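1. Quick one, structure for this:
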Amino acid sequence: MGKKKWLLLSIVLTVILIWWISKTSHETTVVYHLPEGFKGCFNLYFNQPKEKELEIIDDSLLLTVPENGNILTSSPSKFITDLGWHKSKAFYIDKDGKPVSEINMMEFNSGLTGNGNPLSERMKGTFDPNQEHCY
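-> Numbers count the residues shown, from 1 in each chain. Okay, the predicted model is just below:
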C-alpha cells in the first residue's frame, strides 16, 4: 500500500510542477493613454486589416485611446482574453504623447469587456465615472 501512495504523490507533484512551469504570467500591465480631459467610452476593434498588432513590451500593453475613442488593431481578441487577470494603469497624455497625470483607476469601470464570444470583433470600456456601461 505504501508504494501506491508514493506513486500517487509523485504523479500529483509532477502534474503541479508541469502546470506551474507552463502557466501564463499575469505580470502584464495594461496601460491606457488618454487625451487630456477624455471622458467616455472607448472601443478596441480587433482583426482590422492593415492596422498595427498589439504587443507587450517590458510587461506592458499600451493602449492609446484617440479622441474618437476607437482603437484599431489587426490582433485577434484572443490577445486580450489570454492575458487573464492583469493590472491596469491609465494616464492623460499631452499632444506629444507624454504622460501628464495618472488617472485613478478606482473611479472608472475601464476594464475591457466583450460579449462573451471569444471571436468578438470588439471590446469596450469607459473612462466616465457617471457611465457604468458602454454599448
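2. got the end-to-end distance for stretch 49-65?
-> Start-to-end span of stretch 49-65 (C-alpha to C-alpha, to the nearest Å) is 19 Å.
3. repeat for stretch 68-78
-> Counting by C-alpha to C-alpha, you get 24 Å between the two ends of stretch 68-78.
4. now do stretch 126-135
-> Between the opening and closing residues of stretch 126-135 there is a gap of 10 Å (C-alpha to C-alpha).
5. Can you tell me what sits against it?
-> The set of residues that contact stretch 126-135 without belonging to it, under C-beta atoms under 8 Å, 6 or more residues apart in numbering, is 32, 34, 38-43, 65, 90, 103, 107-110, 124-125. The way it works is simple: take the backbone N, C-alpha and C, and place the C-beta from them, glycine included.
6. Filter those down to the buried ones.
-> Among the contacts of stretch 126-135, those scoring as buried are 32, 34, 38, 41-43, 65, 90, 103, 108, 110, 124-125 (criterion: 16 or more other C-beta atoms under 10 Å).
7. Just put the residues you listed in TSV and tack on distance to residue 16.
-> Listed next are those as TSV, based on distance: C-beta to C-beta, whole Å:
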residue	distance to residue 16
32	36
34	42
38	45
41	42
42	40
43	40
65	40
90	36
103	39
108	37
110	35
124	37
125	35
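8. re the thing from before, from the contacts of stretch 126-135, which land in strands?
-> In strands, judged by DSSP state E, the following of these are found: 32, 34, 41, 42, 43, 90, 103, 124, 125.
9. quick one: contacts for the third one?
-> In this case it means residue 41. The contact partners of residue 41, by C-beta under 8 Å, 6+ apart, come to 69, 124, 125, 126, 128, 131, 134.
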